[in-house]
Each structure stands twice: as C-alpha cells, then as structure tokens.
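1. structure, please.
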Amino acid sequence: MSMLSFLSLSGNELTGAIPVSIGEISLDVLDLSKNNLAGSIPSSIGNCSSLTVLDLQKNNLSGGIPNSIGQITGLQTLHLSNNQLSGKIPSSLQNLSKLETLDFGNNMLTGNLPRWIGEDFPRLRILSLRSNKFSGELLGTFKFEFPANFWLAENQLNGSIPANLSNLKAMTQQQNVNHYLLYGTLSEHHNYQENIYVTINGLELRYTRTLSLLTSIDMSGNNLSGELPEAITKLVGLEVLNLSRNHISGQIPKSISELRQLLSLDLSGNRLSGPIPQSISSLTFLGNLNVSNNNLSGIIPSTNQMSTFNASSFAGNPGLCGDPLTVKCSNDSNNGGDNYPDGGGKADQADNGNGFIDKWFYMSIGVGFAAGLLLPYLVFAMKRSWGGVYFAFVDGTAYRLSSEKMKAATRRRNRGHADVFHFSFASLKFSYNLVK
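-> A predicted model of the protein is given here:
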C-alpha cells in the first residue's frame, strides 16, 4: 500500500472510525465521503503531506478540525461538510495557500471568522461555511482571484456588509465560461470529481463540474444590518445574490442594474424601504426575484423580466402597488412612476385600449424571452428534477470535452510514475468497518 496514491471509498456504508494508520499512506487523493464514519479526524492525517484532495463530507465525524491538516501545504480541495464537527477553525489552515475549495458547511463550528480566510487563499473558488454557529463581524479583505462562490448563510454573523466585497477581483468582470469549464476534473486530481451541495431558492442542488459556471454570494439567515453597500453592485460577474432574512435597511441602490449577469436576487425578510428602482428592469437574465417582507413602497416596475414574477415576490410590503399585486396605484403622473397605493383600494380606471394592448404586448415579449432564453435558469431555480436533468447534460458535455485532455495528462504522468496505483471502490455499497 506504500505506493497507493488514489483512494476512494465514497458512497458506501462504512462505519467505525478513520484509522490512525491512514497517515502511513502517501496519498494524493483521499475520498471517504458519504459513509457513516464516526469519531474524530485523526491528527495523523497531517502526515499525508502529498494530499491534494481530502474529502470527508457527509459522515458522522465529530470533535475539532485537527491542526495537523495545516501541514498538508499542497492541499487544493478540503471537504469536511455535513458532519458534527465543533470548535474553531484552526489558524494552521492559513498555510494552505493552494486551496481552491474550502467546504465546512453544515457543522457546529463556532467563533469569529478568521480575517485570513479572505486574504491567504488567492486561488479559492468555493468558500462554504454555511449552517454553522459562526458569530461576529465580517472583517479583513477578500482577494479571491477566480470566479468564486461565497456561502456564509445560516450563521450568527452581525455588523454591516463589508464594502470591500468589491475586492472580489474575478466577480468585478463578466465571466468567460469556457475558461473555467474544467474545474473539478483537473488532471492532477487523478480524475477526482468535485462534488458539492448548493442551496439556491430553497432547493439543495448537487453540483460537480458545472459549479464553475456559477458565481454566487449567499449570506442569508444571519444578523447583518446597515445599508446595502453600493460597492456590491460593482460585482458585475455575480450571478446569484442572497441576503435574505437579515436586518438590512435603507434603499435598494439604483446601481443594482450594473449586475447584468444576475440570475437570482433574494433580498426578502429585511428592512428595506423606498421604491424598487426602475433600473432593475434592465436585469434581463433575472430568473428569480424575491423582495418580499420589507418596507418597500411605490409602483412595481413592470417592463422586461419584471412582468414575469408573481405576487409572492413582492408580498409583505404594504406600500407597494401595481401588478402582480391586487393593490392598484393612484394615477398621479407627477410621481414620475413612483406611484403609491390608491387609498380607496379600487382599481385604477385610467387604462385605455392602447394601454391594454401595450401591457399585453410587453408581457408577451417578457414571457417569450423567458421561455426561449432563460428556461434553463428558471428550471434550475424552480424544478429540482428538471434542473438535475439539465445539469446532468451539461456535466456530461463538460466531461466529454475534458476526457481526452485528462487521458493525455494521465499517460504523461504514468510514464514518469509507473509504480503508482489508483484504488477506487466508490459507490459499491461496502458495509465493513475501516480497520486500524
């Protein structure tokens, strides 16, 4: 076993603890995900100094994250999500400067988020700390150089949204999808497939290669306050923004229209006030919008994609009026479009025949545009099963495009390392204990 480099036992029914002797194997990839392993992560795992991938997600592991993991300085992928890990993130992890994936979601980790998380991992593409017990303010700077997914939802974070989020360099420019298509299937990972679970619009979706097509920020379900910073609208490559269920106040900035690639925007359950800016209508790729349960007022913009959203997207804002709500607006042309609910609650009779035709004309354009161009995104946001089929197709296409490149790289590697073995019993449903 001394020459074993790739070990995958993922998706079986393994029980017991991870043996201490795991540190005696010189592995490049260790994947024990989706089993029933219990106990703590042995500190001897730090002796696997050549690891590039460590995937222990979806087990029943407990205790703290070992300091020794910080010794694996070549680590690129670290999945510890969906366990019962507790304690703080050890400071030794800041040595892992090559990390591309840091996934600690759905555990019981506590403490403040270390400042160095946004500073010492320039290659990071996935930062998932969602559904833990982290507290305190978001401090430090953010220097991710690649399109990133930044998930801090369902914690106890407070303070304001930091304006320096605009330092997320890769999100400040529109993305070239093809450049990042092969993420998660890099040849040096011995065909290891990146696998992570994402919650969007209330649905948990499993991503593999297609995650590289997404750039997102999710800080929902915290105690964040203050205003929505204008700086966040400089992230023009951002595709999903979820700040719901916080205490954010102030107005939605008119510059929200700069987020031209935005597919999903959720600002619900906050304390936002003022009108919904008309400029939001220019977000023609927007497939999901939720601004419900705020203190917004005025008329709901109704052009382009805005005509396709139903009443639930705007509910719980007593000051809003116009379609798709049943509350009609008073016909006050002096308001410049920011009308307010008719005090009598009666339907506005100002529409003439031309207005009726215009209304349905624009609605038909919006619906046709959504059906023809945005169907994949609407499916992705609304239908779990259809979304799975769609992304399975994209995954398959990405795999076919990358397979020849990976085979060639593997042949080159094997010519120089003829005695290296790959060992994978993934998803064969073994149910034995791991022996020490």
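2. what residue, apart from its backbone neighbours, is nearest residue 59 spatially?
-> residue 37 (4.2 Å; Cβ to Cβ, 6 or more residues apart in numbering). All C-beta spots, glycine's among them, are computed from the backbone N, C-alpha and C.
3. what number of residues lie near that neighbour?
-> Residues within reach of residue 37, counting by other Cβ atoms under 10 Å, total 22.
4. read off the pLDDT value for it.
-> pLDDT recorded at residue 37 is 98.
5. who touches it in this structure?
-> The contact partners of residue 37, taken as Cβ atoms under 8 Å, 6 or more residues apart in numbering, are 14, 15, 16, 17, 18, 56, 59, 60, 61, 434.
6. can you show me the strands along the stretch 251-400 of the chain?
-> Along the stretch 251-400 of the chain, the segments classed as strands by DSSP state E, counting those that start in this stretch run 264-266, 271-274, 288-290, 295-299, 319-321.
7. return the most buried member of those.
-> Of all those, strand 264-266 has the most neighbours on average by mean count of other Cβ atoms under 10 Å, namely a mean of 23.
8. residues in contact with the nearest residue to residue 250 once chain neighbours are set aside?
-> Among residues not flanking residue 250 along the chain, residue 227 sits closest, at 3.4 Å (Cβ to Cβ, 6+ apart). By Cβ under 8 Å, 6+ apart, the residues touching residue 227 are 160, 248, 249, 250, 251.
9. I'd like to know which of the residues you listed are buried.
-> Taking 16 or more other Cβ atoms under 10 Å as the criterion, what is buried in the contacts of residue 227 is residue 248.
10. can I get the contacts of residue 227 in JSON lines including distance to residue 322 and pLDDT?
-> Below are those laid out as JSON lines (distance: Cβ to Cβ, whole Å; pLDDT from 0 to 100):
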{"residue": "160", "distance to residue 322": "31", "pLDDT": "93"}
{"residue": "248", "distance to residue 322": "24", "pLDDT": "97"}
{"residue": "249", "distance to residue 322": "23", "pLDDT": "97"}
{"residue": "250", "distance to residue 322": "22", "pLDDT": "96"}
{"residue": "251", "distance to residue 322": "18", "pLDDT": "96"}
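11. what about residue 24, neighbour count?
-> 12.
12. was I right to think residue 6 contacts residue 50?
-> No - Residue 6 lies out of contact with residue 50 (Cβ atoms under 8 Å); the separation is 11.3 Å.
13. overlap in contacts, these two.
-> Shared contacts of residue 6 and residue 50, counting by Cβ under 8 Å, 6+ apart, come down to 27, 28.
14. neighbour count: the two, which is higher?
-> Set residue 6 next to residue 50 and count neighbours by other Cβ under 10 Å: residue 6 wins out with 19 against 13.
15. who's that one bridged to?
-> Judged by DSSP bridges, the bridge partners of residue 6 are residue 29, residue 422.
16. so where is the protein shaky, pLDDT-wise?
-> Along the chain, segments meeting pLDDT under 70 span 1-2, 140-141, 144-147, 166-191, 195-213, 331-436.
17. for it, what spans make up the helices?
-> For the chain, applying DSSP state H gives helices covering 353-373, 375-382, 384-416.
18. and the residue nearest to residue 250, how far is that from residue 233?
-> Taking Cβ to Cβ, to the nearest Å as the measure, residue 227 falls 12 Å from residue 233.
19. and what of residue 302?
-> Counting by Cβ to Cβ, the gap from residue 302 to residue 233 is 22 Å.
20. what does residue 126 give?
-> Residue 126 is 23 Å from residue 233, by Cβ to Cβ.
21. more neighbours: which of those two?
-> Of the pair residue 126 and residue 233, residue 126 is the one with more neighbours under other Cβ under 10 Å, namely 29 against 20.
22. ok, the more buried one touching residue 99?
-> No - using Cβ under 8 Å, residue 126 is not in contact with residue 99; the gap is 9.3 Å.
23. show me whatever sits in contact with both of those two.
-> Joint contacts of residue 126 and residue 99 (Cβ under 8 Å, 6+ apart) do not exist.
24. residue 128 pairs with what?
-> Residue 128 has these beta-bridge partners by DSSP bridges: residue 103, residue 151.
25. residues near it, how many?
-> 25.
26. contact partners for it?
-> Contacts of residue 128 (Cβ under 8 Å, 6+ apart): 81, 102, 103, 104, 105, 149, 151, 196.
27. if you set the cut-off to 7 Å instead, what comes out?
-> Residue 128 makes contact with 81, 103, 104, 105, 151, 196, according to Cβ atoms under 7 Å, 6 or more residues apart in numbering.
28. how near is the first one to residue 155?
-> Right, residue 81. Where residue 155 is concerned, residue 81 sits at a distance of 14 Å (Cβ to Cβ).
29. more crowded one of those two?
-> Neighbour count, other Cβ under 10 Å: between residue 81 and residue 155, residue 81 has more, with 25 against 22.
30. what's the spacing between the more buried one and residue 104?
-> Distance from residue 81 to residue 104, by Cβ to Cβ: 6 Å.
31. what does residue 294 give?
-> Applying Cβ to Cβ to residue 294 and residue 104 gives a distance of 31 Å.
32. could you do residue 274 as well?
-> 37 Å.
33. same check, this time on residue 261
-> 27 Å.
34. surely residue 82 is in contact with residue 108?
-> No - contact between residue 82 and residue 108 fails when scored by Cβ atoms under 7 Å: they sit 11.5 Å apart.
35. what's the closest non-adjacent residue to residue 248?
-> residue 270 (4.2 Å).
36. also residue 294?
-> Distances taken as Cβ to Cβ, 6+ apart place residue 272 nearest to residue 294, at 4.1 Å, with adjacent residues excluded.
37. measure that neighbour to residue 42 for me?
-> Taking Cβ to Cβ, one finds residue 272 at 48 Å from residue 42.
38. same check, this time on residue 87
-> In terms of Cβ to Cβ, residue 87 sits 16 Å off from residue 42.
39. who has more neighbours, these two?
-> residue 42 (18 against 13).
40. that one reaches residue 18, doesn't it?
-> Yes - assessed by Cβ under 7 Å, residue 42 is found in contact with residue 18 at 5.7 Å.
41. who's residue 17 bridged to?
-> Residue 17 has these beta-bridge partners by DSSP bridges: residue 38.
42. contacts only, for it.
-> Residue 17 touches 37, 38, 39, counting by Cβ under 7 Å, 6+ apart.
43. which one of the residues you listed is nearest to residue 192?
-> residue 37 (18.6 Å; Cβ to Cβ).
44. how close does the closest residue to residue 160 other than its chain neighbours get to residue 292?
-> Using Cβ to Cβ, 6+ apart and skipping the chain neighbours, the partner closest in space to residue 160 is residue 226 (3.3 Å). Taken as Cβ to Cβ, the spacing of residue 226 relative to residue 292 amounts to 21 Å.
45. between the two, who's got more neighbours?
-> residue 292 (20 against 14).
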